[in-house]
Structure formats: structure tokens, C-alpha cells
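A.B. asks: structure of the sequence below:
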Amino acid sequence: MTKEDRYKSLLPQAKALCESESDMIAKMANISALLHTTFGFWWTGFYRVAPASSPSPKDNAEDHVLILGPFQGPLACTRIPFGRGVCGTAWKERRTVVVPDVEKFLGHIACSSESRSEIVVPVCKEDTVIAVLDIDSRELGTFDETDRRNLETLVRYL
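C.D. replies: Model prediction:
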């Protein structure tokens, strides 16, 4: 089965899971498990945008961090600052970031030395990034346009 075929099978399942659940954490947990099981990625999960400390009267992204959410795989970094690493960059730039070789990504945060390639997809609500979907592979060059396109569709179900 091709990668595209796996996504064609997975997307309707993901949509049904999200439509039948109102809690975001539950949705993220099931989507992480579905992706991880379907593709066998090294690490699959979400980081949620949250206040860095006590809420500030101003609402700047810099006053927030990405906090580890539901995931599948080995231990992970707990907090990621705005604009740092692949996840923080995808959040700051509000775009999907595909990294064929994490060793060549300036500022990469190495939560695991076994991670070799990565894709991070922002999750937006009402034009605001509320989380990112982060997927790591132990192989170089795992992620491509097929992943980007399908994962961007998937996160809209959340």
C-alpha cells in the first residue's frame, strides 16, 4: 500500500473520530495513535500553545510556549519556546515545516538522538495557532508533499 493509499484510508477515520468528540485532548490522543499505528513513525504527537507563566494582560505569542500534549513514542521535550526548533518555527511562521535531515536544521531541538527527519503542522482555530502536530522519523527524508498535504487536511478536523 502506498503512502497516499494509507492517507486515503486514514483521513475518513480521523474525521469520524474528531466529529464524534468535543474534547481537544481526546481528539489529539486518538489522532496521535492513529497516525503512529498507521505509519510506524518514531514519534507522533502534539504540542499545545499555553501561557509561559501567569497570564499577561497583553496577548503576544512570545508570552506563550508549546507544552507537550498527547503523543505516541519515547519521552519528549516538555516545553518549546516560540520560534525555537522545528515546532517553534512552524508556530511562529504559521506554516508546515518539512525537515529532511534534522541535523541540518539550524536550532533543531534534539529530544531524541534517533530522530532524523521531521514534519510539523500548525493547528489553527480562528486564524490563531493553538497547537502543532509534530512527527519524527528515524529515517532521513521521510516526509514529503504527500505528508504535508494530507496532514494539513487532517489537522483541520480538530
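
A.B. asks: helix, strand, or coil at the residue positioned nearest the centre of the chain?
C.D. replies: Nearest to the mean C-alpha position of the chain, by C-alpha atoms, centre = their mean, lies Leu133 at 1.3 Å. Three-state call for Leu133 (DSSP: H, G, I helix; E, B strand; the rest coil): strand.

A.B. asks: my guess is it meets Phe46, correct?
C.D. replies: Yes - Leu133 is in contact with Phe46 according to C-beta atoms under 8 Å; the separation is 5.8 Å. In this view, the C-beta of every residue, glycine as well, is placed from N, C-alpha and C.

A.B. asks: what sits against the residue nearest to the centre of the chain?
C.D. replies: Contact analysis of Leu133 by C-beta atoms under 8 Å, 6 or more residues apart in numbering lists Ile31, Gly45, Phe46, Val120, Val121, Val123, Leu151, Leu154, Val155.

A.B. asks: relative to Phe71, which of those is nearest.
C.D. replies: Gly45 (2.4 Å; C-beta to C-beta).

A.B. asks: now the closest one: how far from Val98?
C.D. replies: To Val98, Gly45 is 17 Å away according to C-beta to C-beta, to the nearest Å.

A.B. asks: cool, Thr153 as well?
C.D. replies: Between Thr153 and Val98 the distance is 15 Å, computed by C-beta to C-beta.
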